[in-house]
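1. here is the input, now give the coordinates:
(2 chains)
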Protein chains: 2
Amino acid sequence: MNQINTESYKGVRDFYPPDMFIQNYIFDVMKKVSESYGYVEYSASILESSDLYKAKSGEEIVNDQTYNFVDRGGREVTLRPEMTPTVARMVARSKRDLALPVRWYSIPNLFRYEQPQKGRLREHWQLNVDLFGVDGINAEVEIISIASDLMLRFGAKPQNFQILLNNRKIVNALFDYYEFSDTEKQKISKLIDKSEKIPRQVFVDSIREIVGDQTEDFVSILNSKDIDEMQSRLPSELQVEKGIEEIRHRISTLSENGIANVIFKPSLMRGFDYYTGIVFEVFDAGKENRRSLFGGGRYDDLLDIFGSEKMTAVGFGMGDVTVRDYLETYNLLPKFRPTTDLYICKLDDKHLNDVNVIAEKLRKDGVNVAIDITHKKLGDQIKSAVKQSIPYVVCIGDDEIKSGKFKLKELETGKETELSSEEIVKFIKNSKK
Amino acid sequence: MNQINTESYKGVRDFYPPDMFIQNYIFDVMKKVSESYGYVEYSASILESSDLYKAKSGEEIVNDQTYNFVDRGGREVTLRPEMTPTVARMVARSKRDLALPVRWYSIPNLFRYEQPQKGRLREHWQLNVDLFGVDGINAEVEIISIASDLMLRFGAKPQNFQILLNNRKIVNALFDYYEFSDTEKQKISKLIDKSEKIPRQVFVDSIREIVGDQTEDFVSILNSKDIDEMQSRLPSELQVEKGIEEIRHRISTLSENGIANVIFKPSLMRGFDYYTGIVFEVFDAGKENRRSLFGGGRYDDLLDIFGSEKMTAVGFGMGDVTVRDYLETYNLLPKFRPTTDLYICKLDDKHLNDVNVIAEKLRKDGVNVAIDITHKKLGDQIKSAVKQSIPYVVCIGDDEIKSGKFKLKELETGKETELSSEEIVKFIKNSKK
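-> Reported below is the predicted structural model:
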């Protein structure tokens, strides 16, 4: 028989218990913060009809960056590369039954077909928080507040991240002013999106291919340091006062709500074509690791693709890989503690029935108990608990069964405490507070 | 623009918040029970190399019942149809770092390519509980105890389910005695597996094609009512005393541990080729809905496919669709309550800043609060809370902001209680106990 490789598929991860612990910690913070704002969880399958992505993302994205296949019924299927089209589909489907505003969150896994690299894998998970049915500033302030709150609950300090803000209304008006075609718009958006990752001259030259003589003006607008500077550089014919006012208003309102690290950035695009207004991005403010962490924005027209009535929407997606990298950089990851609280070693196999009774009692009271059911020597049983990072051990033999008293050993300190089984429950519950 | 369909892909489910609530309830019970026995969570990607399934399941299964595609790197990829090969791969990969016994659980989603029907979808989730590195009865008793405990924690009564037990050692010896080829073994296993779903005569005729003259003896063994009857019918040359003794011993030990609904069933196969010893199945004992719910067994040789040293293993998988159907049948599903505790309606937009401050305080104390940030009339705001099944509402205007006293309204009863924000926290926390 051929020997099978034990590696995972390229670009995806195996989650051993210590990895799963971190993943669960990240998901738990995501859930708690989202739910605290009244968002409720939804979910869907990773399998979606490919049509869902063709409508707004264009054929190119569906073919080059996603996993697609044709099923035996002839259906084109895609492993979802993002959640927004799915949530829009679900809202469109059940629109009549939904009370507005709709506040929904999910932590789906997403797939993209590309060369794996640091921070970008073929499969990752992403918190998606979306608010449907509320136009205007209140919705945007709430969504950005949740994004900020997430960072704070993960332990980040406000000086260690920034929230960059832009308005696609201005960008879109500018694109129309320069009379770009749809293809040119997509091309330029992508160029601007990655402008900080490519050499300056390459960026300017690529822009020049589309913008021509007016490249310098165009680039200087994108490089404006603040909103006043940009306003002075914009062509005077451009009517974007409303878009500019929106930015000012959101920044001042967020500041009043205690979120002071919001910065206007005229070159912020946030990729997807479906954004229609405010876009934002949470950015790592560390000097050595300046990078985009996650972001979102307003997408008021996405439900159109389902022939549904208009439904305004704003939301964001926060990926697990990026968050984990950030928490590692700032030393904010919690230390592994398994869900198992107590390991019971037995002095002899004949004690197993009594040990089972004791364990069953502890379990009923909420203590997670593993029993060493091997035939190993006592020392090796304890070693097994140490290797699994289980915090407490008791060894049970005739004496303990007779007296009902157990020496609870904390493995990290070696400290022993003699306790009844009821006292063990209290002791362990206190240790978790 | 073509209009996109809002239906999900064939045979998979959208989880709207009330569905997600049930799903989370099911997962929560699965997690709590597994963790109480000292099992820790792991996970992996749904993408696996197709080789992983070819080794033990045979080409046919990989091709006909699974989702397969070739990626652009020429790799054959499968959406995992079951978790056991993955967990075996992960254990084989990290064997040196693992302390035995390894107790792991996961709740992966699994994919199978087949015509969707009641209880069988193209995607479902399945709790997988596996114990590695312990040979013999202790491991099997523990695994079956967890399966039984799961049913009880879901609210099932012992009389409403049975645990069927068999030993593949006997079946395998019998197959060898009749000198079946590997293909015949697979064919017969599958026939026996579905024997209760096909007409009796069709079953016997299909068996006869392989077993010939000895069909009656063979079928009578499978139909034995108890272990003594089977023993009397077995060919006397067959040396299966050990296998029979194992069954007796497990049934009596489980009974001593308070699990009395275990029944020997000589025709229990549990599909997969990799089982090597005890197999079991939890069965709905209701008269009108007799059906298999879930099951598992011992698979001591699976790590061989990775060229790894032998590692004994026993485990089971419990699917979410079957569990949900069972809980529905026995009226055991919990009533939907969203994670959102409180809906705040505001009398006027000018109150939003004050409302935000009040909500922020409640959130810090663990209350999940949604604010109505629409410009709707008060009556319509309250209707929105009702439609979302949010249990409590407060309406905030000048008076409430001045006095710091709020009328908390329970929407189900209409009962109002005047409370401070601190009292609201206590009130809502008590309501959840």
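2. kindly list the longest strand within chain A.
-> strand A:123-132 (DSSP state E).
3. bridging residues for residue A:124?
-> Residue A:124 forms beta bridges with residue A:110, as assigned by DSSP bridges.
4. just to revisit the earlier point, and after the longest strand of chain A, which helix or strand comes next?
-> helix A:137-153 (DSSP states H and E).
5. can you show me the CA trace of that following helix as CSV?
-> Output of helix A:137-153 as CSV, limited to C-alpha atoms (Å, rounded to 0.1, in the frame of the first residue of the first chain):
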residue,chain,number,x,y,z
ILE,A,137,-24.4,58.4,9.7
ASN,A,138,-25.9,56.4,12.7
ALA,A,139,-25.3,53.1,10.9
GLU,A,140,-21.8,54.0,9.9
VAL,A,141,-20.9,55.2,13.4
GLU,A,142,-22.2,52.0,14.9
ILE,A,143,-20.3,49.8,12.5
ILE,A,144,-17.0,51.6,13.0
SER,A,145,-17.6,51.7,16.8
ILE,A,146,-17.9,47.9,16.8
ALA,A,147,-14.7,47.6,14.8
SER,A,148,-12.9,49.8,17.3
ASP,A,149,-14.4,48.0,20.2
LEU,A,150,-13.2,44.7,18.9
MET,A,151,-9.6,46.0,18.8
LEU,A,152,-9.9,47.2,22.4
ARG,A,153,-11.4,44.0,23.7
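6. got the buried residues for it?
-> A:137-151 (16 or more other C-beta atoms under 10 Å in any protein chain shown). For the C-beta atoms, the positions are set from N, CA and C on the backbone; glycine is no exception.
7. contacting chain B as well, which ones from those?
-> Filtering the buried residues of helix A:137-153 for proximity to chain B by C-beta under 8 Å from any C-beta of the partner chain leaves A:138, A:139, A:142.
8. the first one is in contact with residue B:372, isn't it?
-> Pointing back at residue A:138 there. No. Counting by C-beta atoms under 8 Å, residue A:138 sits too far from residue B:372 to count as a contact (9.8 Å).
9. in chain A, where's the longest helix?
-> Identified as the longest helix of chain A according to DSSP state H is helix A:17-36.
10. which outside residues touch it?
-> Residues outside helix A:17-36 that contact it (C-beta atoms under 8 Å, 6 or more residues apart in numbering or on different chains) are A:13, A:15, A:41, A:105, A:107, A:125, A:127, A:129, A:146, A:149-150, A:153-154, A:318, A:320, A:323-324, A:327, A:333-334, A:336-338, A:389, B:40-43, B:104, B:339-340, B:363, B:367-369.
11. so for it, what's the average pLDDT?
-> If you average the pLDDT over helix A:17-36, you get 98.
12. now do stretch A:312-326
-> Taken as a whole, stretch A:312-326 has a mean pLDDT of 96.
13. okay, buried residues for it please.
-> Quick answer for stretch A:312-326 (16+ other C-beta under 10 Å): A:312-326.
14. from the middle of its chain, how far away would it be?
-> A distance of 4 Å separates the centroid of the chain from that of stretch A:312-326, by C-alpha atoms, centre = their mean, to the nearest Å.
15. that older thread, can you tell me which of the buried residues of helix A:137-153 is nearest residue B:55?
-> Taking C-beta to C-beta as the measure, residue A:150 is the one of the buried residues of helix A:137-153 closest to residue B:55, at 42.9 Å.
16. what pLDDT does the closest one get?
-> 98.
17. what's the closest non-adjacent residue to it?
-> Using C-beta to C-beta, 6 or more residues apart in numbering or on different chains and skipping residues adjacent in sequence, the residue nearest residue A:150 is residue A:33, 5.0 Å away.
18. same deal with residue A:121?
-> Here the residue nearest residue A:121, using C-beta to C-beta, 6+ apart, is residue A:11, at 5.2 Å.
19. surely that neighbour is in contact with residue A:112?
-> No. Contact criterion C-beta under 8 Å: residue A:11 and residue A:112 do not qualify, at 9.0 Å.
20. give the residues shared as contacts by those two.
-> By C-beta under 8 Å, 6+ apart, the residues touching both residue A:11 and residue A:112 are residue A:122.
21. okay, now residue A:218: neighbour count?
-> 23 (other C-beta atoms under 10 Å in any protein chain shown).
22. check which helix or strand it maps to.
-> Assigned by DSSP H and E, residue A:218 falls in helix A:215-222.
23. follow the chain on from that helix and name the next helix or strand.
-> Following helix A:215-222 in sequence, per DSSP H and E, is helix A:227-233.
24. in that next one, what's buried?
-> For helix A:227-233, a neighbour-count test (16+ other C-beta under 10 Å) marks A:227, A:230 as buried.
25. kindly report the same for stretch A:326-340.
-> A:326, A:327, A:330, A:333, A:338, A:339, A:340.
26. show me these that map onto helices.
-> A:326, A:327.
27. keep only the buried residues of stretch A:326-340 that also lie close to chain B.
-> Answer for the buried residues of stretch A:326-340 near chain B (C-beta under 8 Å from any C-beta): A:338, A:339, A:340.
28. nearest residue to the first one in space, ignoring adjacent ones along the chain?
-> Excluding the flanking residues, the one nearest residue A:338 by C-beta to C-beta, 6+ apart is residue B:40, at 5.0 Å.
29. for burial, what's the neighbour tally of the one you found?
-> Per other C-beta under 10 Å, the neighbour tally for residue B:40 reads 24.
30. which of the helices or strands spans the residue of the stretch 251-400 of chain A found nearest chain B?
-> Per C-beta to the nearest C-beta, residue A:370 is where the stretch 251-400 of chain A lies closest to chain B, at 2.4 Å. Here residue A:370 sits within strand A:369-371, counting by DSSP H and E.
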